[in-house]
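[1] I'll drop the sequence and a predicted model, then ask my questions.
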Amino acid sequence: MQPSLALQDDQEHLPSLLATDAQELSYQLQQHQAKIFPPLSQKTIRTFSPAEAAAFIGIGEGYLRQVAADGHGPDPLANGRRLYSATDMDRIRRVLDERNGTPKYVPARRPGEKLQIVSVMNFKGGSGKTTTAAHFAQFMALRGYRVLAVDLDPQASLSALFGHQPEFDVGEGETIYGAIRYDDPRPIADIVRATYTPNLHLIPGNLELMEFEHETPKAMASGTAETMFFARIGEALTDIESFYDIVVVDCPPQLGFLTMSALCAATSVLITVHPQMLDVMSMSQFLTMTSELMSVVEKAGGRTSYDWMRYLVTRFEPNDGPQSQMTGFMRAIFGNRMLHNPMVKSTAVSDAGVTKQTLYEVERSQFTRGTYDRALESLNLVNGEIEAHIRSTWGRR
């Protein structure tokens, strides 16, 4: 039986509907962005208390006060208290190394230490992948490492967190696709951007990253690509590796050509997982598919061995019995491939995200002290554990 003409007239044309909604949403987001950060304003990284600065530098708070009193810290405020910028912390690291005559506090790579490329991935959205990548990249920059964050997700949430709105601030060829495309690739150095956090640079993302997923099958079918798809990100990064100690790659939440290329470029892999049954079941399928695809890539000459691979429990609620049980279940299976510390779920992290900020940027006074402190402690424990794996790879303690 054919539907009536009236019913057909009542139907909604999906492409037109989606285009209209996208245009309106984009406009409203732009208005929201302008309200949070007026057009002439720029995001900045906040200053840090002596206790925070001492922890980032890796010294005791008393020693930091002594160094500052010797004239190597910021000028005291009217109340006599000192607040430290990221630049202040970098300067103090250099002073301490000059005093000691050894490179202890400036953590840059030393001769023989290879660039660390950490790919953060999961097949399922909502696993805290981008939150993890953003906070880890910023934490390592505040610790004094030279960090490059690469946004491979077409949704570009990492870019937005670091002050680069994908719809307005990222043009054609300004994502990593510009450097890995098959026709007329750009030098990757032309794509890298500074951020408001010293030591942290960004290669932003936007929807053009999807072009790599569309163009790769054509290039494979024609046989015209000089470099296979899985080697293109790694090859591009070699041109700038001397400028960085760590690259953090936020992978898209699917197993496409971009993700496979990121895996082949990586020296280590971090897989985020939300400890609920449906998420763990989804991850089981994800691991199976990844294993099968990586085996194919390996036969074609792709790199598939890593310095380390770890699972990170994210959005963990300690008082949730089923989550604790699921976490224990995974620990029994994966053993030491699970990071010891979970990323605790916190309203502080989600509230900071509303204004496109990380927890390292927002002021403690904006939150209930206990909520903020618990969230920050969890972040620092997780990030410190990942840092320890990187330092161990370099042969450092």
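    Structure's in. What do you need?
[2] going by C-alpha atoms from here, please, whenever you check contacts or count neighbours.
    Fine.
[3] if I pick Ala133, what's in contact with it?
    Val120, Leu158, Val248, Val249, Asp250 (Cα atoms under 8 Å, 6 or more residues apart in numbering).
[4] part of a helix, is Glu387?
    Yes. Counting by DSSP: H, G, I helix; E, B strand; the rest coil, Glu387 is located in a helix.
[5] which residue comes closest to it once chain neighbours are left out?
    Leaving aside its sequence neighbours, Glu387 sits nearest to Met140 (Cα to Cα, 6 or more residues apart in numbering; 7.6 Å).
[6] surely that neighbour touches Ala134?
    No. Assessed by Cα atoms under 8 Å, Met140 is found out of contact with Ala134, at 10.2 Å.
[7] gap between Leu148 and Arg82?
    To Arg82, Leu148 is 29 Å away according to Cα to Cα, to the nearest Å.
[8] repeat for Thr347
    Note on Thr347: its distance to Arg82, by Cα to Cα, is 29 Å.
[9] if you count surrounding residues, which of those two has more?
    Arg82 (18 against 13; other Cα atoms under 10 Å).
[10] quick check on the closest residue to Thr216 other than its chain neighbours: phi, psi?
    The shortest distance from Thr216 to any non-neighbouring residue, by Cα to Cα, 6+ apart, is to Phe229 (6.7 Å). Dihedral pair for Phe229: phi -60, psi -40, per degrees, to the nearest 10.
[11] pull the number of nearby residues for Phe229.
    Neighbours of Phe229 using other Cα under 10 Å come to 25.
[12] circling back to that earlier point, which one of the contacts of Ala133 is nearest to Glu363?
    Closest approach to Glu363 among the contacts of Ala133 (Cα to Cα): Leu158, at 20.3 Å.
[13] can you name the next helix or strand after the helix or strand hosting that closest one?
    According to DSSP states H and E, Leu158 maps onto helix 157-161. Per DSSP H and E, helix 157-161 leads on to helix 166-169 as the next helix or strand towards the C-terminus.
[14] report the backbone C-alpha coordinates of that next one in PDB.
    C-alpha atoms of helix 166-169 as PDB (Å, rounded to 0.1, in the frame of the first residue of the first chain):
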ATOM      1  CA  PRO A 166      37.500  23.900  14.900                       C
ATOM      2  CA  GLU A 167      34.700  25.700  13.000                       C
ATOM      3  CA  PHE A 168      36.300  29.100  13.100                       C
ATOM      4  CA  ASP A 169      40.000  28.900  13.900                       C
END
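[15] mind listing residues that contact the helix or strand just after it?
    Remark: after helix 166-169, the chain's next helix or strand is helix 177-180, criterion DSSP H and E. For helix 177-180, the surrounding residues in contact (Cα under 8 Å, 6+ apart) are 172-173, 185-188, 191, 208-209, 211-212, 232-233, 236.
[16] got the phi and psi for His164?
    The phi/psi pair for His164 (degrees, to the nearest 10) is phi -120, psi 100.
[17] circling back: check contacts around the residue nearest to Glu387.
    Arg146, Val147, Asn383, Glu387.
[18] out of these, which are inside helices?
    Asn383, Glu387 (DSSP state H).
[19] can I get the contacts of Met140 in TSV with distance to Ala19, pLDDT and neighbour count?
    Converted to TSV, the contacts of Met140 look like this (distance: Cα to Cα, whole Å; pLDDT from 0 to 100; neighbours: other Cα atoms under 10 Å):
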residue	distance to Ala19	pLDDT	neighbour count
Arg146	40	97	21
Val147	37	98	27
Asn383	40	96	21
Glu387	43	96	16
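[20] quick check: which element contains the residue nearest in space to the middle of the chain?
    Nearest to the geometric centre of the chain sits Ala133, at 2.3 Å (Cα atoms, centre = their mean). Ala133 is part of helix 129-142 when elements are defined by DSSP H and E.
[21] repeat that for Ile117.
    strand 116-121.
[22] Val150 too?
    Here Val150, judged by DSSP H and E, is contained in strand 147-151.
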